[in-house]
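**Student:** got a sequence here, can you model it:
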Amino acid sequence: MGVGEAKPAGMGWVNPYLPVRDVGAAMDFYARAFGLEPGQVYATPSGRVLYGEVRHETGAVLLGRPTGNPAAPGGQTAGGSTLYCYTRDLDTLTRRALAAGALQAFPAQDEAWGDRVAGFCDPEGHVWMWAERMAGGEGGA
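**Tutor:** Now for the predicted structure:
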């Protein structure tokens, strides 16, 4: 990032951040289940990944260890987040996610706003809602 730049290249102005217990394992699962590509990774000299990014199309999801949240039961922040993502082929993504061990939160269904959506739970307890735009879909999601 150069002087005067407000954000790193390739990052959005708003980026989801998921707290996960094992960043490396989460990155591996998201690659196998959803086809997400690895981005930046920061690890200790021993190789333990402390922070990582996974990328989809032009977006990034940031992954890091839970930092504690005094408002959450037990101060835990892992799990409980929901992401709404688009894919070009929901059926293929569904097969891939289930084969990788994702749990199906709900099967693909047509929604009034013009998306066909399926939901999956990852091993950390986050819900990934994957949508494919239907032909002639109206509105926005």
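
**Student:** helices of this protein, start to end?
**Tutor:** Residue ranges of the helices in the chain, as given by DSSP state H, are 23-34, 90-99.

**Student:** now the first one: how far from the chain's centre is it?
**Tutor:** Just to be clear, that refers to helix 23-34. 9 Å (C-alpha atoms, centre = their mean, to the nearest Å).

**Student:** report the buried residues of it.
**Tutor:** Buried positions in helix 23-34, judged by neighbour count with 16 or more other C-beta atoms under 10 Å: V23, G24, A26, M27, F29, Y30, A33, F34. Any C-beta I mention is one placed from the backbone N, CA and C, and that applies to glycine too.

**Student:** count of residues packed around E37?
**Tutor:** 13 (other C-beta atoms under 10 Å).

**Student:** first vs last residue of stretch 83-94, how far apart are they?
**Tutor:** End-to-end span of stretch 83-94 (C-alpha to C-alpha, to the nearest Å): 15 Å.

**Student:** per-residue confidence averaged over that stretch?
**Tutor:** For stretch 83-94, mean pLDDT is 95.

**Student:** identify whichever of the helices of the chain lies nearest to E5.
**Tutor:** Taking C-beta to C-beta, helix 23-34 is the member of the helices of the chain nearest to E5, at 25.8 Å.

**Student:** now do that closest one: everything it contacts.
**Tutor:** The contact list for helix 23-34 (C-beta atoms under 8 Å, 6 or more residues apart in numbering) reads 18, 20, 36-38, 41, 48-52, 54, 56, 61, 63-65, 85, 93, 96-97, 100-102, 120, 122-124, 128, 130.

**Student:** just to revisit the earlier point, now distance to E111 too, for the helices of the chain, in CSV please.
**Tutor:** Formatted as CSV, those follow (distance: least, C-beta to C-beta, whole Å):
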stretch, distance to E111
helix 23-34, 20
helix 90-99, 12
